[in-house]
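# Build me a structure from this.
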Amino acid sequence: MKKIFFLSLITLTFQTLTAQETFTRRDSLHGGLRPERTCFNVLRYDLNIKINPEDKSIVGYNNITFGIVEKTSKIQLDLFSNMQVDSILMNNQKLKYTREFDAVFIDLSYTLAVDSRTRVIKFYYSGKPIIAKNAPWDGGFVFKNDTEGKPWIGVAVQGTGASLWYPVKDTQTDEPDNGATIKVAVPNGLMNVSNGRLLGSEDLKNGYTRWDWEIKNPINNYNITVNIGDYVHFGENYKGLDLDYYILRTNEAKAKKQFEQVKPMMDCYQSKFGKYPFAEDGFKLVETPYLGMEHQSAVAYGNNYMQGYLGNDLTGTGIGLLFDYIIIHESGHEWFANSVTSKDIADMWIHEGFTNYMECVYVECLYGYDKAMEYTNGLQASVENTKPIIGPFGVNKEGSGDMYPKGALFLNTLRHIVNDDAKWWKILLKYSEEFRNKIIDTEMVNAFFNRETGMDLTPVFNQYLRVSELPTLNFRLKDNKFEFRWDSSYKDFSMPVDIKIKGETVRIQPKYQWTTSKLKVSDLKDITVVKERFYVNVR
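Sure, this is the predicted structure:
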């Protein structure tokens, strides 16, 4: 289990904003933290399964090693209700269980005390997992054929839940401390690529070959993955880090050219956010029959060897066509999502906002500050500002999709509030390293930036993350005096902003109330707000 930091999660204002939403018992069973979940700590997963491409089925088991942290006689594991529980054993004895929606409540037959012992549950299961209609946006398996007619299979379940396809403690609050093994048998002639390092393969003499992978690091449940196809492998050791690529046989030449982008990306990200977090498990790109996903140490790649996002620039600036979006974005998640993880998907901006901002950092590393600001502000076209970035907690519900572009624009605003780039990059590096392999929430992020900047940024965090509206800067001339204030959802809101008066840059500190300035302004037309540095409205 990563170390989890608990603080108050929901402000009264946020509760009011989300009170009208209705959630089901299934939602709370998936997203909530009941005693049956918090009483034990997962130490390891050992998954051993067979996948049949013809009937799109899975059969096998997961060995779940755990320790008790609160005495209990019952625990909750999870497996989607369309999948069959074949049997559940501990110490070679069958355990009784009940199912409610996707939750499996296991009767341990007697109360387990808090001690240093480890226990192992062997959870046998089978069934046909849900097939995604539009992966990765909806969770499930993808069963396709490559151009040679051979099976090509992948899975993406972020948000939907890893229990869609294997039995697991399906919450981001707990990851296996000691990693996992993933053993997947597939028809002969195909290969399975999963997370971590390849231990080897074994011909099972029944038409199937089992491919064995091992992960040394803790890993998010939704990041555990399978990729099945007629893969070829190439790679290299780059500055001490193993870079490995698993590509459909027909695409090897294109991949060798396109994946050269990984090396300057690694140089950039490691310089700004610290060493690659999972060096023991290596870094992989794996070609998938869907667009992409941040599967830890086995990043899913399906951008068709095109620049931008399937050949498009999401910012409309043209800068997005200078790089392969899926390589740069999904690999960035190794730092933010896979290493630094939100404990509830309501706080998924901690994954997506920071990683969207990493794209901007990448542009700055390669093309300079001005290009980075142009790219960053091009993200505004994708922001809707209709719902809060943070979602409701405890019900497996994400916030607004604005968590991506608005999250990046928020961080760009924080950078310019700090107004000291040397300090800013030190703060980001420390953030990545202090919370490396930890599970956190927005309150911890907020407290960290308050501490490191020496500023009270809480009202700023609240305005950008907990409500949909942007702060609006108002200014006026009253009795020939220049005045300004913020329109904000919070009366304690205060944030510095840079303006230009006849081309000269000046920093002002508006508050919720009108402030009279000593600046000499004779005509409001002489004033412009430096909006490329601050994501605000102006009136």
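# Could I get the full set of helices for the stretch 251-400 of the chain?
Using DSSP state H, counting those that start in this stretch, the helices of the stretch 251-400 of the chain run over 252-258, 262-273, 325-332, 349-367, 369-378.
# Distance to Pro496 for those helices - can I get that in a markdown table?
In this view, the C-beta of every residue, glycine as well, is placed from N, C-alpha and C. Putting the helices of the stretch 251-400 of the chain into a markdown table (distance: least, CB to CB, whole Å) gives the following:
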| stretch | distance to Pro496 |
| --- | --- |
| helix 252-258 | 42 |
| helix 262-273 | 24 |
| helix 325-332 | 28 |
| helix 349-367 | 20 |
| helix 369-378 | 18 |
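# Reformat these as JSON lines; add mean pLDDT, distance to Phe66 and mean neighbour count.
JSON lines is the format used below for the helices of the stretch 251-400 of the chain (pLDDT from 0 to 100; distance: least, CB to CB, whole Å; neighbours: other CB atoms under 10 Å):
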{"stretch": "helix 252-258", "mean pLDDT": "98", "distance to Phe66": "39", "mean neighbour count": "14"}
{"stretch": "helix 262-273", "mean pLDDT": "98", "distance to Phe66": "32", "mean neighbour count": "18"}
{"stretch": "helix 325-332", "mean pLDDT": "98", "distance to Phe66": "30", "mean neighbour count": "23"}
{"stretch": "helix 349-367", "mean pLDDT": "98", "distance to Phe66": "26", "mean neighbour count": "24"}
{"stretch": "helix 369-378", "mean pLDDT": "98", "distance to Phe66": "43", "mean neighbour count": "18"}
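# mind checking which of these is nearest Val120?
Of all the helices of the stretch 251-400 of the chain, it is helix 349-367 that lies closest to Val120, at 30.9 Å by CB to CB.
# what angle do that closest one and helix 262-273 make?
Angle between the axes of helix 349-367 and helix 262-273 is 120 degrees (criterion: axes from the mean of the first three to the mean of the last three CA atoms, to 10 degrees).
# What does the pLDDT read for the residue lying farthest from the centre of the chain?
Taking CA atoms, centre = their mean, the residue of the chain most remote from its mean C-alpha position is Asp479, at 51.5 Å. Asp479 carries a pLDDT score of 92 in this model.
# and the gap between it and Asp523?
Plainly put, Asp479 is 15 Å away from Asp523 if you go by CB to CB, to the nearest Å.
# Spatially nearest residue to Lys96 (excluding sequence neighbours)?
Among residues not flanking Lys96 along the chain, Asp107 sits closest, at 4.4 Å (CB to CB, 6 or more residues apart in numbering).
# what helix or strand is Ser432 on?
Element membership for Ser432 (DSSP states H and E) is helix 421-434.
# now swap in Phe461 and tell me
Using DSSP H and E, Phe461 maps to helix 458-465.
# Show me what counts as buried in that helix.
458-465 (16 or more other CB atoms under 10 Å).
# so how far is it off the chain centroid?
Remark: helix 458-465 is offset 21 Å from the chain centroid, using CA atoms, centre = their mean, to the nearest Å.
# Kindly report the same for stretch 53-72.
Counting by CA atoms, centre = their mean, stretch 53-72 is centred 23 Å from the centre of its parent chain.
# Kindly report the same for stretch 276-283.
The chain centre lies 17 Å from the centre of stretch 276-283; the measure is CA atoms, centre = their mean.
# Same check on stretch 365-375?
24 Å.
# any low-confidence regions in the protein?
Residues of the chain meeting the criterion pLDDT under 70: 1-20.
# hmm, back to that, nearest to Leu429 among the helices of the stretch 251-400 of the chain would be which one?
Nearest of the helices of the stretch 251-400 of the chain (CB to CB): helix 262-273, 6.4 Å.
# Run the angle between the closest one and helix 421-434 for me.
Put simply, helix 262-273 runs at 100 degrees to helix 421-434, going by the same axes, to 10 degrees.
# which residues touch Gly320?
Gly320 is in contact with 307-309, 312-314, 375, 378, counting by CB atoms under 8 Å, 6 or more residues apart in numbering.
# Which members of the residues you listed are classed as buried?
For the contacts of Gly320, a burial check counting by 16+ other CB under 10 Å picks out 307-309, 313-314, 375, 378.
# Chain neighbours aside, what residue packs nearest to Lys481?
Thr516 (5.3 Å).
# Is that neighbour bridged to anything, and to what?
Taking DSSP bridges as the rule, Thr516 bridges to Glu483.
# List the contacts of it.
Counting by CB under 8 Å, 6+ apart, Thr516 touches 478, 481-483.
# same deal with Lys133?
Contacts for Lys133 (CB under 8 Å, 6+ apart) come out as Gly140.
# Isn't Ile68 up against Tyr110?
No: between Ile68 and Tyr110 there is no contact under CB atoms under 8 Å: 12.0 Å.
# more crowded one of the two?
Shown here are Ile68 and Tyr110; by other CB atoms under 10 Å, Ile68 has more neighbours (20 against 7).
# in the stretch 51-200 of the chain, which spans are strands?
Assigned by DSSP state E, counting those that start in this stretch, the strands in the stretch 51-200 of the chain fall at 57-68, 72-78, 84-90, 93-94, 96-100, 103-112, 119-127, 140-145, 151-156, 180-187, 191-193, 197-203.
# now, of these, which is deepest in the fold?
Of all the strands of the stretch 51-200 of the chain, strand 151-156 carries the top mean neighbour count, a mean of 25, counting by mean count of other CB atoms under 10 Å.
# what's the closest of the strands of the stretch 51-200 of the chain to Leu248?
Checking these against Leu248 by CB to CB gives strand 151-156 as the closest, at 7.1 Å.
# what angle separates that closest one from strand 180-187?
Using the same axes, to 10 degrees: strand 151-156 against strand 180-187 is 150 degrees.
# and strand 151-156, which strands flank it?
Assessed with DSSP bridges, strand 151-156 is paired to strand 140-145 (antiparallel), strand 227-229 (antiparallel).
# Glu352 is nearest to which of those?
With CB to CB as the criterion, Glu352 lies closest to strand 140-145 of those, at 20.4 Å.
# distance between the closest one and the chain's centre?
Taking CA atoms, centre = their mean, one finds the center of strand 140-145 at 22 Å from the center of the full chain.
# What lies in contact with that strand?
By CB under 8 Å, 6+ apart, the surrounding residues in contact with strand 140-145 are 53, 56, 129-133, 135, 151-157, 160, 164-165, 288-290.
# dump the residue contacts of the closest residue to Asn377 other than its chain neighbours.
Closest residue to Asn377 apart from its sequence neighbours, by CB to CB, 6+ apart: Glu532 at 5.2 Å. Glu532 is in contact with 373-374, 376-377, counting by CB under 8 Å, 6+ apart.
# Can you report phi and psi for Glu532?
Here is the backbone geometry of Glu532 (degrees, to the nearest 10): phi -70, psi -20.
# how close does it sit to Trp424?
16 Å.
# How about Tyr97?
Separation of Tyr97 from Trp424 (CB to CB): 51 Å.
# can you check Leu248 too?
From Leu248 across to Trp424, the span is 41 Å (CB to CB).
# Equivalent analysis for Phe336, please.
Noted for Phe336: a distance of 16 Å to Trp424, by CB to CB.
# tell me the contacts of His30?
By CB under 8 Å, 6+ apart, His30 lies in contact with 78, 101-103, 161, 170, 395-396.
# Wait, a helix at it?
Yes: counting by DSSP: H, G, I helix; E, B strand; the rest coil, His30 falls inside a helix.
# And the closest residue to Asn412 other than its chain neighbours, how close does it get to Val226?
Excluding the flanking residues, the one nearest Asn412 by CB to CB, 6+ apart is Thr376, at 5.0 Å. Applying CB to CB, the value for Thr376 to Val226 is 36 Å.
# Wait, Ser488 touches Tyr512, no?
Yes: contact criterion CB under 8 Å: Ser488 and Tyr512 qualify, at 5.9 Å.
# quick one on the thing from earlier: most surrounded residue in the contacts of His30?
Counting by other CB under 10 Å, top hit in those: Asp170 with 27 neighbours.
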